[in-house]
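Colleague: Quick one, structure for this:
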Amino acid sequence: MLMHLDRKSKQPLYSQVVEHLRRLIATDVLKPGVKLPATRELAAELGVDRATIVAAYDELVAQGLATAHVGQGTFVARGTSPQRRGAPEGDEPAITAGEINWSHCFSKAARFSVEWRPPDFTSYRTHGDVISFAGGMPDSALFPIDAFRRVVSQVLRTEGRALLQYSPASGYPPLRRYLADYLIRKGVVVDEADILIVNGSQQGLDLVARTLLDPGDQVVVEGPSYPGALQIFRSRQAEVLTVPVGDDGIRRDLLEGLINRQSPKCLYVMPTFQNPTGVTVSLEGRRELLAMAAKAQVPIIEDDFHNELRYDGAPVMPLRGLDRKGLVIAIGTFSKILFPGLRVGWVVAPPEVMERLVIAKRVSDLHTSALIQAAIYHFCRRRLLDRHMARMRLEYRRRRDALLQALSRHCPAGVTWTQPQGGFSLWLTLPEGMNSQNLLPEAAREGVLYTPGALFYADGGGQNQLRLSFSEIPSERIDEGVQRLAMVISAAVRHHYRWRGSARQESPPLV
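Modeller: Numbers count the residues shown, from 1 in each chain. Modelled structure (predicted):
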């Protein structure tokens, strides 16, 4: 199916696919009842992620131009006239009584969100036992389930009636007081009034974005960055500006010029064990960043979700602890250090921001579960979290070291990677011109998975990069996983340089 996608266009790729297919349907090139190409087949032909084609087909179904049948595929809808099938977006289609065309009801944010889907690793054909570096989550085998169950039981016995009622939007007061003391020990001087309990750092970031951003506002992010944050900012219809990450975090030399030229609304950074690179900004780098933001009066959103997961090196004070100008909104979570499924995190913000965040939280979901908050508070107060973290740090350090050693042993020349002092992941860079997304199906066939780098960029970068997460893989299996990956990369490197050599002698035809 001949189709040209403009990767430099601001129009999402899935939307370009929809537009092309709508034209083919409108002109009866694709007739009613015709089966559309399989999503995997069309994605490979166009060189895009399969999720992009899935999103395009979903949109065609929503517009009534196609029908989807589980196990059979997607077909051009029957019983529609060419005029209706080709009606430009925004025109009222003729619909029968009882039908509704939901595509006209979705907000712009909802239409955008279909493009931002996590990779569907189940779509790849895998061989034998799979070793996955794709997760980036804590290992559930290490969860202190019995200890937490006992705490929950006791909390229900002693406070159950109160905890199962409605609660303050700002959070369970004892947990907020505990977090204030905890943050003070980290160098962040706060009062419990400065803390809002949220349903994980994702909701915290969403509430902050909802409070600060209007459509068209510009947000500066690191390149690469956390995909969930990119999705939130784009769903607020903000323009996302990317500044590369270097050895000392976000490139301040490039950031200063960008701030002076663009006057962005805010800056989103992960200065400690950045996701996905694992890079940590030095103390001097943090001071430079704060001075730069203060001069331009640009607030900073500090995502500090990995702070406790340090395996070596001295801790560096959070941006919020160094902030003397009231610039920093800090976000933290229990998801990485306890259980992701609890969905409990926190936001620390200046009073005038906190007032609006609490209102946004109340509008969103009234409050986070008081029962879960109380259980976490008592779990922490009894020092059970401290003991759990001590065990976690030992085990995750062992896995990180195993991954670094295996990469040094097995990876071919020309492949580089970061060396994180903490966190769950590192960032691997392939030779220029290679594509980690295209390499993934072959890696899956060899029984190893990773996350392609393009997922972590808002500007189309990361094609030759990928994230390797070591947190869910037992240390004794890491070497085997890297051997499988290195074998795939080595074969691709040989092919890549062989093609480049032949290309210098005779240019391939342009098709």
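Colleague: Tell me the backbone dihedrals of A66, please.
Modeller: Backbone geometry at A66, expressed as degrees, to the nearest 10, gives phi -150, psi 160.
Colleague: Residues in a beta bridge with it, which ones?
Modeller: Counting by DSSP bridges, A66 is bridged to V76.
Colleague: can you count the residues close to it?
Modeller: 26 (other CB atoms under 10 Å). (Glycine included, C-beta is placed from N, CA and C.)
Colleague: again with L21
Modeller: Using other CB under 10 Å, L21 has 24 other residues around it.
Colleague: what residues are up against it?
Modeller: Listed by CB atoms under 8 Å, 6 or more residues apart in numbering, the contact set of L21 reads L30, L36, A56, L60, L65.
Colleague: Let me know the helix or strand that it is in.
Modeller: helix 13-26 (DSSP states H and E).
Colleague: tell me which residues in the helix or strand following that helix are buried?
Modeller: Using DSSP H and E, the helix or strand that follows helix 13-26 in sequence is helix 39-46. Judged by neighbour count using 16 or more other CB atoms under 10 Å, the buried positions of helix 39-46 are T39, R40, L42, A43, L46.
Colleague: Now do the strands in the stretch 301-450 of the chain.
Modeller: Shown for the stretch 301-450 of the chain, the strands assigned by DSSP state E, counting those that start in this stretch span residues 328-333, 345-348, 416-417, 425-429, 448-449.
Colleague: Export the ones you listed as a markdown table, with columns for mean pLDDT and mean neighbour count.
Modeller: Shown next, in a markdown table, are the strands of the stretch 301-450 of the chain (pLDDT from 0 to 100; neighbours: other CB atoms under 10 Å):
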| stretch | mean pLDDT | mean neighbour count |
| --- | --- | --- |
| strand 328-333 | 97 | 26 |
| strand 345-348 | 97 | 25 |
| strand 416-417 | 98 | 16 |
| strand 425-429 | 98 | 23 |
| strand 448-449 | 96 | 24 |
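Colleague: With respect to Y396, which of those lies nearest?
Modeller: strand 425-429 (10.8 Å; CB to CB).
Colleague: CA atoms only for that closest one, dumped as PDB, please.
Modeller: The C-alpha coordinates for strand 425-429 follow below in PDB (Å, rounded to 0.1, in the frame of the first residue of the first chain):
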ATOM      1  CA  SER A 425      18.000   1.200  34.100                       C
ATOM      2  CA  LEU A 426      20.800   2.300  31.900                       C
ATOM      3  CA  TRP A 427      20.900   3.700  28.400                       C
ATOM      4  CA  LEU A 428      22.600   2.000  25.500                       C
ATOM      5  CA  THR A 429      23.600   3.700  22.200                       C
END
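Colleague: for stretch 239-250, which positions count as buried?
Modeller: E239, V240, L241, T242, V243, V245, G246, D248, G249, I250.
Colleague: so where's this protein uncertain?
Modeller: Applying pLDDT under 70 to the chain flags the ranges 1-2, 70-71, 79-100, 103-104, 107-128, 496-511.
Colleague: quick check: domain ranges of it?
Modeller: Domain segmentation of the chain under automatic domain parsing yields 13-113, 121-137+389-505, 145-382.
Colleague: now the ones you listed in CSV, with distance to R7?
Modeller: Shown next, in CSV, are the domains of the chain (distance: least, CB to CB, whole Å):
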stretch, distance to R7
domain 13-113, 7
domain 121-137+389-505, 6
domain 145-382, 15
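Colleague: could you check the angle strand 425-429 makes with the lengthiest strand in the chain?
Modeller: Secondary structure of the chain per DSSP state E: the longest strand is strand 239-246. Using axes from the mean of the first three to the mean of the last three CA atoms, to 10 degrees, the direction of strand 239-246 lies 90 degrees away from that of strand 425-429.
Colleague: Parallel or antiparallel, list what pairs with strand 239-246.
Modeller: strand 218-223 (parallel), strand 249-250 (antiparallel).
Colleague: check contacts around A43.
Modeller: When contacts are taken as CB under 8 Å, 6+ apart, A43 is in contact with D49, R50, T52, I53.
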